[in-house]
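Chemist: Whatever this is, show me its structure:
(one chain, ligands or ions: 1)
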Amino acid sequence: MLKTAIVTDRAYLAHFAGRSHPERPERLAALLTMAEQLSRDKLIRIAPRAATRDEIALAHREDYVDAVVGSAEFDHFDFDADTHTCRESYQTAMLSAGGVLTAMEAVLDGAADNAFAMVRPPGHHARPDRAMGFCLFNNVAIAAKWAIKRRGLERVAIIDWDVHHGNGTQEIFYESPEVLYVSTHQYPHYPGTGSTREIGAGAGLGYIVNAPMPAGFGDDEYILVFDELVMPIVRKFRPELIIVSAGFDSHYRDPLGDMRVTERGFAAMTRRVKRLAAEVCGGRIVAALEGGYDLEGLTRSASAVIEELGRDSDEEIAAASGGERAGELVARVAQGVGRFWDLG
Ligand SMILES: [Zn+2]
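Modeler: Purely as a prediction, here's the structure:
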């Protein structure tokens, strides 16, 4: 069995975006309860550290960091129509980014084979200079930058299966060949970005891969997209570490998405990422929680991912059965980025 680190803490309950806001403390409370019930031997529980200001500034502009610091003076502050903070939000966001860094340290230093940081607020919509879509700091972008700048890695892949496109992550790495960003997301949908025409620019041309999915795709279509697109491209990139933006709002029960992924689907995607990581980067995977707003869908899916992370990866992976509906999408994505990755 593989050693999996779970990084989480009750301190993540402190950020409060307002009554009836979907990104609510109960999400983390449900995950904490789930995590307490996990009885696996090889599960390491690690408390998160806070990120430092310098670490946050790896992905964000100083004046924006100042704005988030300043928001702690108000009981309630609105960054945009759906991104709100309370006095504790800044500290919670520092701990959210830091939780992913804690998971990175556990994996890079060998304390764990892989890790799952169950953190909030989420991060993938956060832009270099502004909060957006429930996100204050871009946790995975900070982690990828940190791996490169502070740990000397040369290539990091980010796989994002949240139902929303990670526009912030894409923006931060749009011209960077050091970070490959691959996203499956509902489209058209919030935040509006993530078309097949967005493929990076300059030295980063080809290092942004978007698979915009019509509403209604489920396990079979996701698996086909992973087998025919995500896996071959990431394999070719040969990252030294894989980060997963693990959002569970693509679950069929989720109120903010219209996809049909089940917990078995998330386990199947995890199995593929694990196989890939075993091939190219010594199994090093750090998953970071993004969205997921139905408590049952969220906890069942996160639990399935954790279980899969711990399983030995030498078992057979069954090919996608069905999912042909996604064939046209795969062809369209390959038309845009295929030339960079020998997809034919
Ligand atoms: Zn989302």
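
Chemist: For the most centrally placed residue in the chain, which residues are in contact?
Modeler: Most central in the chain under C-alpha atoms, centre = their mean is Ser245, positioned 0.6 Å from the mean C-alpha point. By C-beta atoms under 8 Å, 6 or more residues apart in numbering, the contact set of Ser245 is 123-124, 140, 158-162, 166, 169, 183, 288, 290. Yep, even glycine has a C-beta here, placed from its N, CA and C like the rest.

Chemist: what sits opposite the residue nearest to it when sequence neighbours are not counted in the beta ladder?
Modeler: Nearest residue to Ser245 in three dimensions, chain neighbours excluded: Asp160, at 3.7 Å (C-beta to C-beta, 6 or more residues apart in numbering). Counting by DSSP bridges, Asp160 is bridged to Ser183, Ser245.

Chemist: doesn't Thr184 make contact with Asp160?
Modeler: Yes. Between Asp160 and Thr184 there is a contact at 7.3 Å, judged by C-beta atoms under 8 Å.

Chemist: Pick out whichever of these two has more residues nearby.
Modeler: Set side by side, Asp160 and Thr184 show more neighbours around Thr184, with 31 against 26, by other C-beta atoms under 10 Å.

Chemist: Can you give the distance from the helix ranked longest in the chain to the centre of its chain?
Modeler: Ranked by residue count, the top helix of the chain under DSSP state H comes out as helix 89-108. The chain centre lies 13 Å from the centre of helix 89-108; the measure is C-alpha atoms, centre = their mean, to the nearest Å.

Chemist: What is it packed up against?
Modeler: Judged by 3 or more C-beta pairs under 8 Å, 6 or more residues apart in numbering; DSSP states H and E, helix 89-108 is in contact with strand 4-7, strand 43-46, helix 53-56, helix 62-71, strand 114-117, helix 139-149, strand 241-246, strand 285-289.

Chemist: which one of these has the most crowded surroundings?
Modeler: Among the helices and strands packed on helix 89-108, strand 285-289 has the highest mean neighbour count (mean count of other C-beta atoms under 10 Å), at a mean of 29.

Chemist: quick one: average pLDDT of it?
Modeler: Throughout strand 285-289, pLDDT has a mean value of 99.

Chemist: Output it in PDB, but only the C-alpha positions, please.
Modeler: Provided in PDB are the C-alpha atoms of strand 285-289 (Å, rounded to 0.1, in the frame of the first residue of the first chain):
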ATOM      1  CA  ILE A 285       1.000  13.400  -6.700                       C
ATOM      2  CA  VAL A 286      -0.400  16.300  -4.600                       C
ATOM      3  CA  ALA A 287      -4.200  16.700  -4.800                       C
ATOM      4  CA  ALA A 288      -5.700  20.000  -3.600                       C
ATOM      5  CA  LEU A 289      -9.400  20.500  -3.000                       C
END
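
Chemist: Next one, pLDDT for whichever residue of the stretch 51-200 of the chain sits closest to the ion please.
Modeler: Per C-beta to the ion, His164 is where the stretch 51-200 of the chain lies closest to the ion, at 3.6 Å. At His164, the pLDDT value in this model is 99.

Chemist: Tell me who's in contact with it.
Modeler: 124-125, 133, 185-186, 189-191, 247, 249, 256-257, 290-291.

Chemist: give me that answer again for 7 Å
Modeler: His164 is in contact with 133, 185, 189-191, 247, 249, 291, counting by C-beta atoms under 7 Å, 6 or more residues apart in numbering.

Chemist: From Val119, how far out is it?
Modeler: Per C-beta to C-beta, to the nearest Å, His164 is found 17 Å from Val119.

Chemist: Then Ser195?
Modeler: Distance from Ser195 to Val119, by C-beta to C-beta: 29 Å.

Chemist: out of those two, which sits in the more crowded spot?
Modeler: Comparing Ser195 with Val119 by other C-beta under 10 Å, the one with more neighbours is Val119, at 29 against 14.

Chemist: In terms of helices and strands, where is the residue of the chain found nearest the ion?
Modeler: Proximity of the chain to the ion (C-beta to the ion) peaks at Gly291, 2.9 Å away. Counting by DSSP states H and E, there is no helix or strand that carries Gly291.
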